[in-house]
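Undergrad: quick one, structure for this:
(one chain, ligands or ions: 1)
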Amino acid sequence: MLSSIAGRSVVVTGGSKGIGKGIGRVFARNGAKVLVVSRTLSEAEAAAAELVADGGIASAFAADVTQPAEMQAMADAAKLRHGGVDVLCANAGAFPQGRIEDLSAQDWDQVLGVNLKGTFLALKACLPYLTQSDQGRVVITSSITGPVTGFPGWTHYGASKAGQLGFMRTACLELAKYKITVNAVLPGNILTEGLVAMGDDYLQSMAASIPLKALGTVEDIGYAALFLASKEAAYITGQTIIVDGGQTLPESLDALN
Ligand code: NAP
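TA: Next up, the predicted model:
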């Protein structure tokens, strides 16, 4: 068990549900102080209350990652309530589907705004506090979609997720002088509340395309983030960890048998 995260202040954008909620749960169970951030305060509060009921330290904050002033207020809240920012999990994301013929310029800007610009704005706002930490860490939730694979209907999403890695590879160089590391987790298909709502047939067909024959859990992503945030990962920066049950590996359907 990694022991170096206890007492650390962790900000999780998009922490009210799905993968972000799982990240928050893993960090809280390992003794971190978690700021759960989403636009919907009631949902962030409910997620934070779950972490507290589980024995953790957590509080909620409502902020939109596309708004610089709200990101600033988020970082300041982490300082005020939890003593600073040691770890930023830039996880908030949007993934509406739309093929190129149907996508508008506004659709494109919305997805790039949340996923890519939001990553930049969250990091920029937290940076003054991350530099004060002796173990500053940024963990970006990217995706296999874009950096590794493609999926019709998600050109804008894939571009934003690949863009996060381009951002990461220069951000890690700029922040190296502060000993801040910047890394990314690339989830495959993860079982979130949204996917559960798609029904059993859909979930089974997705699982069939994965060598480990199951969708990932939100905690699977949380544990990868926890490792990258740990003291033990201090020498890893600008790197990616794919957490996908082997989904990106088969060359053909035969390779799944
Ligand atoms: P989700 O269940 O839909 O949760 C999204 C979270 O982000 C919510 O807390 C949502 O709360 C918040 N959010 C959305 N827009 C926001 C904004 N503008 N500002 C602040 N918070 C915002 O999503 P998920 O499936 O867990 O995905 C989380 C991340 O993992 C995303 O970056 C996604 O691209 C990535 N990912 C997911 C999968 C998967 O299989 N689920 C696979 C690969 C990558 P509010 O709506 O209240 O703001």
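
Undergrad: surely Thr217 meets Asn189?
TA: No. Thr217 is beyond contact range of Asn189, at 11.0 Å (criterion: C-beta atoms under 8 Å). Using the backbone N, CA and C atoms, a C-beta is placed for each residue, glycine as well.

Undergrad: more crowded one of these two?
TA: Asn189 (19 against 15; other C-beta atoms under 10 Å).

Undergrad: any idea how far that one is from Leu127?
TA: Asn189 sits 32 Å away from Leu127, going by C-beta to C-beta, to the nearest Å.

Undergrad: show me where this structure has its helices.
TA: 18-29, 41-53, 68-82, 105-112, 118-130, 155-175, 193-196, 200-208, 218-229 (DSSP state H).

Undergrad: send the alpha carbons of the one helix or strand in the chain whose mean pLDDT sits lowest over as PDB?
TA: The helix or strand of the chain with the poorest confidence is helix 193-196; it has a mean of 87 (mean pLDDT, DSSP states H and E). Taking Å, rounded to 0.1, in the frame of the first residue of the first chain, the C-alpha atoms of helix 193-196 are listed here in PDB:
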ATOM      1  CA  GLU A 193     -23.700   5.400 -13.700                       C
ATOM      2  CA  GLY A 194     -24.200   6.700 -17.300                       C
ATOM      3  CA  LEU A 195     -23.100   3.300 -18.800                       C
ATOM      4  CA  VAL A 196     -25.300   1.300 -16.400                       C
END
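
Undergrad: can you tell if it touches the ligand?
TA: Yes. Contact of helix 193-196 with the ligand (C-beta under 6 Å from any ligand atom) involves Gly194.

Undergrad: which elements pack onto that helix?
TA: Packed against helix 193-196 by the contact rule (3 or more C-beta pairs under 8 Å, 6 or more residues apart in numbering; DSSP states H and E) you find helix 200-208.

Undergrad: switch the cut-off to 10 Å
TA: Helix 193-196 is packed against helix 18-29, helix 200-208, with contacts defined by 3 or more C-beta pairs under 10 Å, 6 or more residues apart in numbering; DSSP states H and E.

Undergrad: out of these, which one sits most buried?
TA: Greatest average neighbour count among those goes to helix 18-29 (a mean of 26), per mean count of other C-beta atoms under 10 Å.

Undergrad: for it, what is the average pLDDT?
TA: Averaging pLDDT along helix 18-29 yields 98.

Undergrad: what residues does the stretch 151-257 of the chain have near the ligand?
TA: Neighbours of the ligand within the stretch 151-257 of the chain, by C-beta under 6 Å from any ligand atom: Pro187, Asn189, Ile190, Thr192, Gly194.

Undergrad: neighbour-wise, which one of those leads?
TA: Neighbour counts for those (other C-beta under 10 Å) peak at Pro187, which has 25 neighbours.

Undergrad: that one and Pro147 touch, don't they?
TA: No. Counting by C-beta atoms under 10 Å, Pro187 sits too far from Pro147 to count as a contact (11.1 Å).
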